[in-house]
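*Asks:* Next input, structure requested:
(one chain, ligands or ions: 2)
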Amino acid sequence: MGIEEALSAELREKLRDDLLAADHKFILELPKVELHVHIEGTITAELRWKLTQRNGTPLRIAKNGPELQSLEELQAAMDLLRPDSSRVNNDEERFQFFEAYYEGFECLKTKEDYFDLAMHYLGHAATVNVRYCEIFFDPQGHTSRGIPWNIMMEGFREAQKKAEKELKVKSAWIMCFLRDMSPESAMEHYKAALPYRNIIVGIGLDSNETDRPPALFDEVFSLARNDGFKLTMHCDVDSKNAHEHIRQAASVVAGKGLDRIDHGLNAAEDRRLIELILKRDVGMTLCPWSYLRHTTYAELGPKIRVLYDAGIKISINSDDPAYMEDCWILQNMLLAKHLCGFDDKDLVVLARNAVNISWASSAVKENILKEIDLVYDRFHPAQ
Ligand code: HPA
Ligand code: ZN
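*Replies:* Ligands and ions are numbered 1, 2, ... in the order given. Sure thing, here's the model as predicted:
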């Protein structure tokens with residue numbers, strides 16, 4: 001697949017603006033469930049600047065990079081990171097992304113910072129009618145900097161309570177292990193997180209996937225399933241051994257395979273994987289804007305459509321909006337519609353899929369499903 005055929009950063013921005021300029025009232029108003037967003041991927045330049053100023057922490061785009069002195073310098077450095085069809089290949093781009101993503105964690109020090117970070121996302125979610133979300137966090141990226149668990153988790157918990165009460169956005173957390181760290185570290189973090197299990201609904205796996213297959217983390221995922229957690233893992237698009245990783249995630253890990261797969265778009269290329277995912281009714285969380293950055297534009301829509309048309313429960317999500325042209329769930333749904341030719345009925349199917357594959361209570365699910373139907377009927381009155 002030629003990276004040279006992916007859209008440049010400028011063309012992606014133009015596409016985003018064109019999609020927003022067209023009528024998008026139905027998609028905006030559709031009640032939403034978001035299942036794939038990294039809270040650390042929502043640290044925008046503005047938020048990072050605010051926290052850095054408050055804490056007096058140094059600001060860099062990469063660990064050994066020069067110290068940045070202003071918001072404008074940070075914005076320019078983040079802009080330079082964006083993959084551009086003429087500049088980088090996939091591996092280089094991923095490496096640069098992870099370097100910047102983990103450096104971004106450095107601005108988080110106090111409970112107030114974690115609270116502000118979560119409120120920043122939840123506040124945005126409310127504006128685009130997200131009713132319920134399951135948010136990823138990467139504890140190893142915080143404990144490795146000496147942040148105590150209670151600082152992180154109590155900040156998250158307070159934001160969660162406030163957002164539910166004041167913004168009517170319900171939420172739960174998915175604790176992701178970093179797959180480029182050891183399975184022992186994952187197990188240690190799993191045990192340390194148990195005091196906070198009443199706000200953690202599931203366990204995930206993210207970070208650099210190269211040579212880190214799902215089965216490597218079987219022990220901790222099996223334990224988590226026995227303890228009642230729901231399970232998911234990233235299978236990044238076009239990563240090395242993508243098909244084998246999807247097979248393990250869908251049918252091997254924790255005895256029978258996971259409850260959901262994050263990304264996993266390469267399943268569209270293999271009928272056996274599609275059958276496996278359908279047989280086990282594994283939900284998939286897709287983030288089209290993220291793929292647009294390194295997948296050939298012409299290929300992306302048809303691949304998403306293969307999964308959708310096969311009847312797999314795919315949902316549309318945002319991933320790391322601060323690093324992806326400021327594209328949140330709304331822009332991702334607009335892109336899915338644009339690339340796949342989805343009509344409003346299809347968008348309802350996608351919204352319902354997200355509800356159905358979520359790990360919310362049945363009461364929460366029923367309410368959102370009813371609300372989705374009401375919005376559809378309001379926009380499509382019977383003749
Ligand atoms: N892939 C894997 N891990 C991640 C990502 C991603 O796109 N974003 C944040 N952690
Ligand atoms: Zn992700």
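*Asks:* From now on I want contacts and neighbour counts done on CA atoms only, so please keep to that.
*Replies:* Fine.
*Asks:* can you tell me which residues contact the residue in the stretch 1-150 of the chain that ligand 1 sits nearest to?
*Replies:* Going by CA to the nearest ligand atom, ligand 1 is nearest to His38 of the stretch 1-150 of the chain, at 5.8 Å. Contacts for His38 (CA atoms under 8 Å, 6 or more residues apart in numbering) come out as 135-137, 319-320.
*Asks:* how distant is the host helix or strand of Ala193 from the center of its chain?
*Replies:* Of the helices and strands defined by DSSP states H and E, Ala193 is found in helix 183-193. Centroid displacement of helix 183-193 relative to its chain, using CA atoms, centre = their mean, to the nearest Å, is 22 Å.
*Asks:* I'd like to know which elements it is packed against.
*Replies:* Helices and strands touching helix 183-193, by 3 or more CA pairs under 8 Å, 6 or more residues apart in numbering; DSSP states H and E, are helix 218-226.
*Asks:* okay, the angle between the following helix or strand past the helix it packs on and helix 218-226?
*Replies:* Next helix or strand after helix 218-226 toward the C-terminus (DSSP H and E): strand 230-235. Put simply, strand 230-235 runs at 150 degrees to helix 218-226, going by axes from the mean of the first three to the mean of the last three CA atoms, to 10 degrees.
*Asks:* May I see the buried residues of stretch 62-77?
*Replies:* Buried residues in stretch 62-77, counted by 16 or more other CA atoms under 10 Å: 62, 71, 73-74, 77.
*Asks:* The stretch 51-200 of the chain: strands as residue ranges?
*Replies:* Using DSSP state E, counting those that start in this stretch, the strands of the stretch 51-200 of the chain run over residues 130-137, 170-178, 200-206.
*Asks:* Tabulate these (JSON lines), appending distance to ligand 1 and mean neighbour count.
*Replies:* Formatted as JSON lines, these follow (distance: least, CA to the nearest ligand atom, whole Å; neighbours: other CA atoms under 10 Å):
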{"stretch": "strand 130-137", "distance to ligand 1": "9", "mean neighbour count": "25"}
{"stretch": "strand 170-178", "distance to ligand 1": "8", "mean neighbour count": "24"}
{"stretch": "strand 200-206", "distance to ligand 1": "4", "mean neighbour count": "22"}
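*Asks:* Where does Val33 sit, in terms of helix or strand?
*Replies:* For Val33, the element it lies in under DSSP H and E is strand 32-34.
*Asks:* Could you list the paired strands of that strand along with their orientation?
*Replies:* Using DSSP bridges, strand 32-34 pairs in its sheet with strand 130-137 (parallel).
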